[in-house]
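Trainee: how would this look folded up:
(2 chains)
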Amino acid sequence: MTVAVQTTPLDPGALTNALIARVAEQTRADQGAVVTFIGLVRDQVENPVSQLFLEHYPGMTEKALETIVAEACARWPLGPLSLVHRVGTLYPGDPIVFVGVTSAHRKAAFEAAEFLLDYLKIRAPFWKKESTPEGERWVSAHASDCEAAKKWR
Amino acid sequence: MIKVLLFAQLRELLNCGKIEFPVSTAITVAELKTRLAAQGDRWHLLFAEQTVLVAVNQVLRDDNHYLTAGDEVAFFPPVTGG
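Mentor: Modelled structure (predicted):
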């Protein structure tokens, strides 16, 4: 399992290839499915964003991500897995989060990837601050994120 | 002493990310909030007007959780990662 919080840019291609290499390195490479999700910083017409700052709680962030990964591993039969989140200053189009999940078959891999994202959004201590033409503002949490996580209970 | 950490909007509101707060006996998170709110207008505002989450020793907890000396208590707004 790879869990990381980093200030340097995310390279989704390298992370994906590393995950596939970890499957191949096993005594028996029995994962036939790799699902990846990459979240990008968005700039919207109705909400122009020139820059995004990601604050987090060092120490707790890593623990929270590891706990979420452990829960996913308890629910689905998963192989190597990677969960990497950016912090610091980002710009529209920059990858902000990478989730890569492997399993024997696609259903478990898709479900586990969605679960990891849904729980990360309500449990991992990250906070976004947007720079907009009107100045800086902290992003509000969405009630829809809490609803999304409820389906896994 | 309890180490109190603040993040994001809460840190900016208090213009401070970390304080040491003296406690002599075990108290709950709710009691700690009441005592902190009595420290001044900005502390009062912090707990009165916002949804505040709490983590004790880096694990999310609720207001009924008991605290002891040496604990690290963090207050922060709902998270917005991903």
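Trainee: contacts, neighbours, all on C-alpha from now
Mentor: Will do.
Trainee: and A:I38, how many neighbours?
Mentor: Here the count is done by other CA atoms under 10 Å in any protein chain shown, and A:I38 has 17 residues near it.
Trainee: how about the contacts made by A:P48?
Mentor: A:132-133 (CA atoms under 8 Å, 6 or more residues apart in numbering or on different chains).
Trainee: chain B versus that one, what's the distance?
Mentor: A:P48 sits 18 Å away from chain B, going by CA to the nearest CA, to the nearest Å.
Trainee: before we move on, what about A:P125?
Mentor: Separation of A:P125 from chain B (CA to the nearest CA): 6 Å.
Trainee: list the contacts for that residue?
Mentor: A:56-57, A:60-61, A:64, B:79-81 are the contacts of A:P125 under CA under 8 Å, 6+ apart.
Trainee: neighbours around B:L14, how many?
Mentor: So B:L14, with other CA under 10 Å, has 16 neighbours.
Trainee: surely it touches B:H44?
Mentor: No. With contact defined as CA atoms under 8 Å, B:L14 does not reach B:H44; the gap is 10.4 Å.
Trainee: show me where the chain has strands.
Mentor: Answering for chain A, as no chain was given. A:2-6, A:33-40, A:51-56, A:78-86, A:88-90, A:95-103, A:126-132, A:135-138 (DSSP state E).
Trainee: wait, chain B
Mentor: Per DSSP E, chain B has strands spanning B:2-6, B:18-21, B:27-28, B:53-56, B:59-61, B:66-67, B:72-76. These are given in chain order.
Trainee: roughly how far is the third one from the heart of the chain?
Mentor: For strand B:27-28, the separation from the chain centroid amounts to 12 Å (computed by CA atoms, centre = their mean, to the nearest Å).
Trainee: now, which of the contacts of A:P125 lie within helices?
Mentor: A:60-61, A:64 (DSSP state H).
Trainee: kindly reformat those residues as TSV containing distance to A:F115.
Mentor: As requested, those are exported to TSV (distance: CA to CA, whole Å):
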residue	distance to A:F115
A:M60	19
A:T61	17
A:A64	14
